[in-house]
Each structure stands twice: as structure tokens, then as C-alpha cells.
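Student: take this sequence and fold it.
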Amino acid sequence: QVQLVESGGGLVQPGGSLRLSCAASGHIFSSAAMGWFRQAPGKEREFVAIVSASGGTTYSAPVLKGRFTISRDNAKNTVYLQMNSLEPEDTAVYYCAADQGFYTLLRNNGVHYWGNGTLVTVSS
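Tutor: Down below sits the predicted model:
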């Protein structure tokens, strides 16, 4: 069983930064790709960023224009999402996800593990 617990969300002003964390428990963390998704009110859940099991490959949604960076620390079983130059349109619940299939996670096609989400609100 894998549990994912997100933290770091909150209220931030436009142009500000936040770092989200996702702590994972369970034995598959080091062999699983990890990712972040978000869901804004009234919208579908969308892909944000992904990092491979080794941490050697990362990819972020082009719409983010390089403002968000994903990373992981396998020694701490934790994945991070550094969010810079935040915009009101980034307001959403951010979900951590894990799957041993990199493309399964990238395409959100039957992802096995999800966290409960952390709310990020960008507002002045």
C-alpha cells in the first residue's frame, strides 16, 4: 500500500512562490514515477509535472512556461513542486500521484496512487 500526503499549499499573492511537498509511504517509492496534477474549480484535473523514478527525467506541462519545477529526494521519500511567478489561474487543488509506469502517470491513464490534495490560492 502506498500513501501520499501533500503539504505546502496556501494563499499567495500573484507573482509569489510556493513549494509543495508530497511525502510517500510504502515500498515502491524508489521505483515509481511521481507527478503533480491540479484541478481548478469547475475544470477537469490536468497534468502539471512528472519526474522519473531515478529523478533523471522531468517534464512539465508547456502551458506553465517553465514556472514550475518538479524534483524528488528518494532518501526522504518526498517529491517537490517549486512554483514561481504564480498567477491567479494557478489557483487549484494540487494532487500528488505515483505509478510505476512513467507513461501511465504522464497520460493519467489508470494511475494507481493519489494523494488527497492541497489547495493553492493565488489572490491579492
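Student: could you look up the SS state of the residue nearest to the spatial centre of the chain?
Tutor: With distances taken as Cα atoms, centre = their mean, residue 36 lies nearest the centre of the chain, 2.1 Å away. Put simply, residue 36 is strand when judged by DSSP: H, G, I helix; E, B strand; the rest coil.
Student: what pLDDT is listed against the nearest residue to residue 13 once chain neighbours are set aside?
Tutor: Leaving aside its sequence neighbours, residue 13 sits nearest to residue 124 (Cβ to Cβ, 6 or more residues apart in numbering; 5.4 Å). Using the backbone N, CA and C atoms, a C-beta is placed for each residue, glycine as well. On the pLDDT scale, residue 124 is placed at 96.
Student: can you check residue 55 too?
Tutor: 92.
Student: quick revisit: pretty sure the residue nearest to residue 13 is touching residue 14, no?
Tutor: Yes: between residue 124 and residue 14 there is a contact under Cβ atoms under 8 Å: 5.9 Å.
Student: from residue 104, how far out is the residue nearest to residue 13?
Tutor: As for residue 124, its distance to residue 104 is 38 Å (criterion: Cβ to Cβ, to the nearest Å).
Student: neighbour count for those two, which is higher?
Tutor: When residue 124 and residue 104 are compared for neighbours, residue 104 comes out ahead with 16 against 8, by other Cβ atoms under 10 Å.
Student: so the more buried one lies in a helix, does it not?
Tutor: Yes: Residue 104 forms part of a helix when assessed by three-state DSSP.
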